[in-house]
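J.: Sharing a sequence plus its predicted fold:
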Number of protein chains: 4
Amino acid sequence: MEYTHSLEFKVRDYECDLQGVVNNAVYQNYLEHARHELLLARGIDFAALSRAGIDLVVVRAELDYRQSLGSGDRFVVRSRIEQVSRVRFEFRQDIYRLPDERLMLSARITGTSLNARGRPQVPAELAALFDEA
Amino acid sequence: MEYTHSLEFKVRDYECDLQGVVNNAVYQNYLEHARHELLLARGIDFAALSRAGIDLVVVRAELDYRQSLGSGDRFVVRSRIEQVSRVRFEFRQDIYRLPDERLMLSARITGTSLNARGRPQVPAELAALFDEA
Amino acid sequence: MEYTHSLEFKVRDYECDLQGVVNNAVYQNYLEHARHELLLARGIDFAALSRAGIDLVVVRAELDYRQSLGSGDRFVVRSRIEQVSRVRFEFRQDIYRLPDERLMLSARITGTSLNARGRPQVPAELAALFDEA
Amino acid sequence: MEYTHSLEFKVRDYECDLQGVVNNAVYQNYLEHARHELLLARGIDFAALSRAGIDLVVVRAELDYRQSLGSGDRFVVRSRIEQVSRVRFEFRQDIYRLPDERLMLSARITGTSLNARGRPQVPAELAALFDEA
């Protein structure tokens, strides 16, 4: 797969649970942060949009957990985004451990954009992102 | 769907993010807690198993986010578990807001059980759970 | 000490870290939720205030960790609030494990109330709470 | 104050709560990660120690919240450690926003080291750290 964004992390000990590995829910934190950084690199600021009444929201998440990250592990989240309908977009995101590049998790996250009345409304910045693609 | 377990929660404000609603990753916390309580009610203690070298792990999660929970919302996680192969089991979990019973999230969580060498090994308690079903 | 509010919890496994006990930061989550419930019982809604431009904020936290909570533990957070200056209030909060009533943590949390310009401003509901005391 | 360790972070949106700023408890996450990295730089691996039956634990935390970090903020946690008794050590940790170097939070975290029987026991690596100081 061709990724358009890549972000490095290091596991923090508080992210590990009593099994001694990163808790399942924490991967969604990693993926969210990577998505927001991808968007920011394209001029789309999640927090600013929210203050302006436009909320980018996740409508579906599919996560395949392949191997567990543990204390001290470095890893990279590689992502790309594509438009799947007029008001829906999909992120493909994979997590690779570093430096061995082992695939740890694969995810497919579908999102949309809602205005203050809860109706789908794609902000100009986001529409432009797909137009250029 | 026929659920075999039900657990009530109330949203805690720290679980809400800057959009003012429960953060996406937090739903996985809710679902995990409900699964562990379901298992405990059947005599399967996730933490005790882990100390004994058996780790119950999630291999796939599918989550459909339908509506957002917000500050002060009460809700119930309803779950059931079924065996999908000799070493895999699947939880179906739905979150309903209370008291209006509106469906907020539907999830399908596939898990397995690994021994200390990372090999699938179903503990007797878990096997018994499916035998009785 | 005389508490005016009490809230029961059960440890959730995702709150435990790789030492197998509740992570230090999570106690602040418990304490915050107990404070918000105490306030709500007196008619003060943290989230509604925030939407109205008044933010209740913590300015100092002192936490004495005495014993560790672990998987499956039930506990109660007992709290009281008192005014320490015109614009500052202090929560005294203690966590006791159940059913043995062992003291696990003692905390003293100092807060204030800020308006949209970041200036101390005590909302009427909060002032009334102290007037009645 | 003279710091001996410094670690840069960037706020992640999921760390912000419904007030739109980093939640109080999350600062303890930042501080913990910075402490573990400080220790690691001196050859002390928190997770490995825990697996070997030695748990580094926090016994007291004092946090002064001065200003709030928000979405997108970069910051640095600067720390130093000193021995305060035969079995206790204290971290002084301050958080500065970048690039303006504004002080956001000051903390004093007291810790000890417990063996598998819950008795204070300072591992050789930690004792050496103070001997060299």
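T.: Arrived safely, thanks for sending. Numbers count the residues shown, from 1 in each chain, chains lettered A, B, ... in the order given.

J.: Does chain B have contacts with the longest helix seen in chain A?
T.: The residue-count maximum for a helix in chain A (DSSP state H) belongs to helix A:24-41. Yes - if you take C-beta under 8 Å from any C-beta of the partner chain as the test, helix A:24-41 does meet chain B, through A:24-26, A:28-29, A:32. In short, each C-beta sits where N, CA and C put it, glycine included.

J.: Name the residues of the next helix or strand after that helix that are buried.
T.: Later in the chain than helix A:24-41, the nearest helix or strand by DSSP states H and E is helix A:46-51. Neighbour counts using 16 or more other C-beta atoms under 10 Å in any protein chain shown place A:46-47, A:49-50 of helix A:46-51 among the buried residues.

J.: what's the worst-scoring helix or strand of chain A on mean pLDDT packed up against?
T.: Every helix and strand of chain A was ranked by mean pLDDT, DSSP states H and E. The lowest is helix A:124-131, at a mean of 85. Helix A:124-131 sits against strand A:74-83, with contacts defined as 3 or more C-beta pairs under 8 Å, 6 or more residues apart in numbering or on different chains; DSSP states H and E.

J.: Could you list the residues of chain A in contact with chain B?
T.: A:18-19, A:23-26, A:28-29, A:32, A:47, A:50, A:55, A:57-65, A:68.

J.: Show the buried residues in those.
T.: Looks like the residues of chain A next to chain B have A:18-19, A:23-26, A:28-29, A:32, A:47, A:50, A:55, A:57-58, A:60-61, A:63-65, A:68 buried, using 16+ other C-beta under 10 Å.

J.: could I get the residues of helix A:24-41 next to chain B as CSV with distance to chain D and pLDDT?
T.: Output for the residues of helix A:24-41 next to chain B, formatted as CSV (distance: C-beta to the nearest C-beta, whole Å; pLDDT from 0 to 100):
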residue, distance to chain D, pLDDT
A:Asn24, 15, 98
A:Ala25, 10, 98
A:Val26, 10, 98
A:Gln28, 8, 98
A:Asn29, 5, 98
A:Glu32, 5, 98
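
J.: if we take the residues you listed, which one ends up nearest to B:Ile81?
T.: B:Ile81 has its nearest neighbour among the residues of helix A:24-41 next to chain B in A:Asn24, at 16.3 Å by C-beta to C-beta.

J.: Skip the chain neighbours and tell me the closest residue to the closest one.
T.: B:Val58 (5.0 Å; C-beta to C-beta, 6 or more residues apart in numbering or on different chains).

J.: contacting residues for the one you found?
T.: A:24, A:65, B:109-111 (C-beta atoms under 8 Å, 6 or more residues apart in numbering or on different chains).

J.: let's see it at 6 Å
T.: A:24, A:65, B:109, B:111 (C-beta atoms under 6 Å, 6 or more residues apart in numbering or on different chains).

J.: What residue in chain A is the furthest from its centre?
T.: A:Leu18 (25.4 Å; C-alpha atoms, centre = their mean).

J.: That one in helix, strand or coil?
T.: Under DSSP: H, G, I helix; E, B strand; the rest coil, the three-state class of A:Leu18 is coil.

J.: Any regions of chain A where pLDDT drops low?
T.: Scanning chain A for pLDDT under 70 picks out the ranges A:132-133.

J.: That one against chain C: which residues are in contact?
T.: Residues of chain A found near chain C (C-beta under 6 Å from any C-beta of the partner chain) are A:14, A:16-18, A:20, A:23.

J.: Go through those residues and name the one nearest C:Tyr96.
T.: A:Leu18 (22.3 Å).

J.: Now that closest one: closest residue in space that isn't a chain neighbour?
T.: Closest to A:Leu18 by C-beta to C-beta, 6+ apart is C:Cys16, at 4.2 Å.

J.: and that neighbour, what does it touch?
T.: C:Cys16 touches A:17-18, C:22, C:71, counting by C-beta under 6 Å, 6+ apart.

J.: give me the beta-bridge partners of it?
T.: C:Val22 (DSSP bridges).

J.: how close does it sit to D:Ala116?
T.: 17 Å (C-beta to C-beta, to the nearest Å).

J.: same question, A:Arg12
T.: 25 Å.

J.: And A:Asp17, by the same measure?
T.: Where D:Ala116 is concerned, A:Asp17 sits at a distance of 20 Å (C-beta to C-beta).

J.: Between those two, which is the more surrounded one?
T.: A:Asp17 (25 against 10; other C-beta atoms under 10 Å in any protein chain shown).

J.: Tell me how far that one lies from C:Cys16.
T.: Distance from A:Asp17 to C:Cys16, by C-beta to C-beta: 6 Å.

J.: cool, and A:Asn23?
T.: A:Asn23 is 9 Å from C:Cys16, by C-beta to C-beta.

J.: any residues in contact with both of the two?
T.: A:Asp17.

J.: ok so, going back, would you mark the buried spots in the least confident helix or strand of chain A?
T.: Neighbour-count burial for helix A:124-131 [16+ other C-beta under 10 Å]: A:126, A:129.

J.: Then stretch A:73-82?
T.: Applying 16+ other C-beta under 10 Å to stretch A:73-82 flags A:73, A:75-81 as buried.

J.: Any chance you could list what contacts the least confident helix or strand of chain A?
T.: A:42-44, A:83.

J.: Same check on stretch A:70-86?
T.: Contacts of stretch A:70-86 (C-beta under 6 Å, 6+ apart): A:3-11, A:13, A:16, A:21, A:30, A:34, A:38, A:89-98, A:130, D:47.

J.: That one: end-to-end distance?
T.: 39 Å (C-alpha to C-alpha, to the nearest Å).

J.: One more: stretch A:47-61?
T.: OK, stretch A:47-61 end separation, C-alpha to C-alpha: 21 Å.

J.: For the residue nearest to A:Asn24, give its distance to A:Ala25.
T.: 10 Å.

J.: With A:Thr110 instead?
T.: 18 Å.

J.: Repeat that for A:Gln93.
T.: In terms of C-beta to C-beta, A:Gln93 sits 15 Å off from A:Ala25.

J.: do A:Ile54 as well
T.: 26 Å.

J.: Turn the buried ones among the contacts of stretch A:70-86 into a named PyMOL selection, would you?
T.: Remark: buried members of these, expressed as a PyMOL selection using 16+ other C-beta under 10 Å:
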select buried, (chain A and resi 5+7+9+11+13+16+21+30+34+38+89+90+91+92+93+94+95+96+97) or (chain D and resi 47)
